Every structure is written in structure tokens, then in C-alpha cells.
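Asker: My questions are about this predicted structure, shown below with the sequence.
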Amino acid sequence: MHKWLEAVTGDDNQTLEPSYCWGAVFALAGLGLQIYCSVTGKAFDLQGYGIGAGALLAGLGLGKKLGSGQ
């Protein structure tokens with residue numbers, strides 16, 4: 001469990017890093033959708049999903065940066 005926490009925490013291994021958490025959520029959602037679509041026989045574009053999720057994360061980060069005035 002300790003190794004999993006290292007993937008979503010900051011340098012101190014205790015503080016959750018929001019960008020890492022959102023990245024993990026998007027990755028798990030993408031894999032879940034890929035598995036679901038494979039089982040049901042539907043098409044799913046994981047690359048398109050990844051580009052959209054990356055753009056959303058970049059937009060959130062940019063909005064936070066511009067909104068904080070730093």
C-alpha cells in the first residue's frame with residue numbers, strides 16, 4: 001500500500017498532490033472504460049480519451065495558476 005501512496009503524494013509522502021490524484025483518477029477511468037468497451041464489444045478510443053483528459057488537466061492547472069495571481 002505504501003508504494004501506491006507514493007504515486008499520489010508529494011515529496012513528504014503524506015500530503016496528497018491534487019494533480020497526481022486527478023491523473024490517477026483519469027487513468028483508472030480510461031482503463032475501466034477500455035475494459036468495459038472490450039467486454040461489451042463497443043469501440044473506445046483510448047488515445048482520444050487521453051488527449052481530452054490531458055487537455056482538461058492542463059486547463060485546470062492553467063486556471064488555477066491564472067486565478068491565484070502568481
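Answerer: Structure received.
Asker: For the one helix or strand Gly48 maps to, buried residues please.
Answerer: Gly48 is part of helix 46-68 when elements are defined by DSSP states H and E. By 16 or more other Cβ atoms under 10 Å, the buried positions in helix 46-68 come out as Ala53. Backbone N, C-alpha and C define where each C-beta goes, glycine included.
Asker: got the contact list for it?
Answerer: Defining contact as Cβ atoms under 8 Å, 6 or more residues apart in numbering, one finds that helix 46-68 is touched by Ser19, Trp22, Gly23, Phe26, Ala29, Gly30, Leu33, Gln34.
Asker: how about 10 Å then?
Answerer: Helix 46-68 is contacted from outside by 18-19, 22-23, 25-27, 29-31, 33-34, 37, 45, 70, using Cβ atoms under 10 Å, 6 or more residues apart in numbering.
Asker: List only buried entries from those.
Answerer: Neighbour counting with 16+ other Cβ under 10 Å marks Trp22, Gly23, Phe26, Gly30 as buried within these.
Asker: Looking at these, spot the one nearest Glu6.
Answerer: Distance to Glu6, by Cβ to Cβ, is smallest for Gly23 among the buried ones among the contacts of helix 46-68, at 13.7 Å.
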